[in-house]
Structures are given as C-alpha cells and as structure tokens.
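Asker: Curious how this folds, go ahead:
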Amino acid sequence: MKRIYKLDASLLKQSGCRRLLYLIGVEGWREPVPNNDTLYGTAVHKFVATMYETNGDFAAAVGAAQKVFRKPCNIKPKKQHLNEKHLLKTCLDFWELFLNKSDFEHLNNPATNLPMVEQTFSLKVYEDDEIEIYIEGTIDKTGKIKNGCYAIGDYKTTSSWNPKQYLEPYKVSPQLKMYVWAVKEYGKRHPDSIFAKIANTPVGAFIEGIFLKSKDETEFQRSEVFIFKKWEMEEFEDLLRYKVMTLVSLIKDKNYAIRDGMITGLCTGGAWPCKMLVVCGAQDPIVSNHVLTKNFIQKPYEALLFGED
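Answerer: As a prediction, the model looks like this:
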C-alpha cells in the first residue's frame, strides 16, 4: 500500500526549514493540544459557516462555535481574554456589523444548493511506486464581488493593532495563491464543474480580518481583492513543484532533513519562535529525541481535519 502525505498552505509556510517540514509533514509531530487563539479562530470559522449553511440559525451557529471552543487547549500568555464570552460577541458582531453589509455574493454548491462555504479540496500532485502527495486546503467562501469578479475569501483572527500592515502581505503569501491555483486546477480536472466556469475568468482573492482587542471593540476589515497575474501564478506553480519534490526527498531520505531554519532565521523569526526550537536546540540527538517525545504527539498530518480532532 502506498504511503500518503499532505501539503497545505500552513505547512508551506514552515517549509523554509527542511527539519521542520520533515518533523511535521513526514513524521507527523504536533503539539498535544492547540493554543486558545488558534481554537478561537477555528470556532469563528465554524460559526460563520453554520450561519450560511442554516440560513441564519443563530442558535445552531453559536452551539457549533461553542462545541469547538470548549475542546482542551493551551492558554497563551496575554491571550487569557479570549474566552467564550469574547468569542460569542465577536461572532455576533462579525455577522451583524460586517458580513450582512458585505458586497460578496456566495455561489451555491450545485450538489447541495447551499452557499459555498468551507469548501475543501484535495488534489494529487505526485505519485510513484511508494508514495502519493496531495495539496489540500479549505476555502472559507467562494462567490462573486457584486458587479465584479469571481473571488474566494478567507477569514483571519488576529491581535494585530494595524489592519493595513497585517493585510497587505497576504498579496505574496502562499495561502491565497494556493486557493486560486486549486480553483483553476480543479476546474481543469473537472470541466463540468462550477469551478471550470470560474477558472476561465480572473479570480480574485481576499482576507476578511477580525482584529481582536482585549478591551476595545473588535474591528473587521477586508483586504484588497488581489488578482494575481499569469506570471505570478506560473511562478507559484514552479515554487510549489519545488516544495513537493523537497517533501519527496525528505520522505525517501531523512538525512536530507537538515536544520536550515538556523540560517534562514525561521527558528527565531517573527513574533514567536519555532515550536520545534526546544527540540532542535537540545544538546545532542538523544536529548533532542527525548524532548520531542515528551512535548509532542505523533499523528499523520491532516490539514482538512485541523480543529476537528
């Protein structure tokens, strides 16, 4: 039986270190429970999706969000205010003050006649005698800007205090380009699908940011609707193929999993250091393995089940 591996936008962002890509994407190491801010974001997604799927049933949507948020989690420092009361106010405000006034028109899924929310995709991009690799993800919303282009959108919860500074970099992030690529690729592979119709036109992509505050009112703001040029998507496809082949090399030879995050800055870069820093920073391989097994659990990497297990 062939071994199956998954690659998504989140894993792509961590693939600047082959050691990290190997530990997460190949061996499946992960934290035992998610952080509370991560679970908060997952609960917001669940609330919004349920609202659209139930034609605005607040009780059902609130119940779905609560079910997600009540799972065990790690409370991050300075994120204690992200509790259930804060979550429910954010969800209701997001719906009443922002989404209900949006110019975005959802397409309906022909199979269910329900709005196209939380649409998952899984596209095989590599296969040999031993392994298969799939690109996967979940598109939060698919539709059309009123009197404009087809577009896909993604919700993000963040504690950033500068919406413009937070949203602008998504033009070059892997996530939105991956979603546009997936829509067009699915359309090519399934010419009778609704995605084939979308793929033959310019497809916009945007972020709807939920800017969380500990005391002030939560803010909601949409990014620019990015329309990637042909050369940008060709460049992305080339980079994606490169990362797929990097993953193949790691699967076939773990000695390829060097700690290049130390030289690219991924170990300590950004607001938070790499979660595997305690493993890679151990004094020798024996201690490193002990730290890994003590602090993390091993489970196949399943992007489509994130927040569900």
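Asker: The residue nearest to Leu11 when sequence neighbours are not counted: neighbouring residues, count only.
Answerer: Ranked by Cβ to Cβ, 6 or more residues apart in numbering and with sequence neighbours excluded, the top spatial neighbour of Leu11 is Gly25, at 5.3 Å. From N, CA and C alone the C-beta is placed, and that goes for glycine too. When neighbours are defined as other Cβ atoms under 10 Å, Gly25 has 26 of them.
Asker: quick one: Gly25 is in a helix?
Answerer: Yes - following the definition DSSP: H, G, I helix; E, B strand; the rest coil, Gly25 is counted among the residues of a helix.
Asker: how close does it sit to His45?
Answerer: For Gly25, the distance to His45 under the criterion Cβ to Cβ, to the nearest Å works out to 23 Å.
Asker: nearest residue to Glu84 other than its sequence neighbours?
Answerer: Setting aside the residues directly before and after it, Glu84 is nearest to Phe69 in space (Cβ to Cβ, 6+ apart), at 6.0 Å.
Asker: Now the phi/psi pair for Asp57, please.
Answerer: When read as degrees, to the nearest 10, the backbone of Asp57 gives phi -80, psi 100.
Asker: Could I get the contacting residues of it?
Answerer: Residues touching Asp57, when contacts are defined by Cβ atoms under 8 Å, 6 or more residues apart in numbering, comprise Thr50, Met51.
Asker: how about the nearest residue to Ala61, chain neighbours excluded?
Answerer: Using Cβ to Cβ, 6+ apart and skipping the chain neighbours, the partner closest in space to Ala61 is Thr50 (4.0 Å).
Asker: about what we covered before: can you name the residues that contact the residue nearest to Glu84?
Answerer: Counted by Cβ under 8 Å, 6+ apart, Phe69 has contacts Leu39, Tyr40, Thr42, Ala43, Glu84, Leu87.
Asker: which one of these has the most neighbours?
Answerer: The residue in these with the most neighbours, by other Cβ under 10 Å, is Ala43 (27 neighbours).
Asker: Direction included, what does the longest strand along the chain pair up with?
Answerer: Ranked by number of residues, the top strand in the chain under DSSP state E is strand 131-145. In the sheet, strand 131-145 lines up against strand 3-7 (parallel), strand 104-106 (antiparallel), strand 117-127 (antiparallel), strand 150-158 (antiparallel) (DSSP bridges).
Asker: Which helix or strand contains the nearest residue to Val278 once chain neighbours are set aside?
Answerer: With sequence-adjacent residues excluded and distances taken as Cβ to Cβ, 6+ apart, Val278 is closest to Val291, at 5.5 Å. Using DSSP states H and E, the secondary-structure element containing Val291 is helix 285-295.
Asker: Strand partners (parallel or antiparallel) of the very next helix or strand once past that helix?
Answerer: Next along the chain after helix 285-295, taking DSSP H and E as the criterion, comes strand 297-298. Strand 297-298 has its sheet partners listed here by DSSP bridges as strand 29-30 (antiparallel).
Asker: hmm, back to that, most tightly packed of the strands paired with strand 131-145?
Answerer: Across the strands paired with strand 131-145, the average number of neighbours (mean count of other Cβ atoms under 10 Å) peaks for strand 150-158, which reaches a mean of 21.
Asker: Pull the distance from it to the chain's centre.
Answerer: What separates the centre of strand 150-158 from the centre of its chain is 10 Å, taken as Cα atoms, centre = their mean, to the nearest Å.
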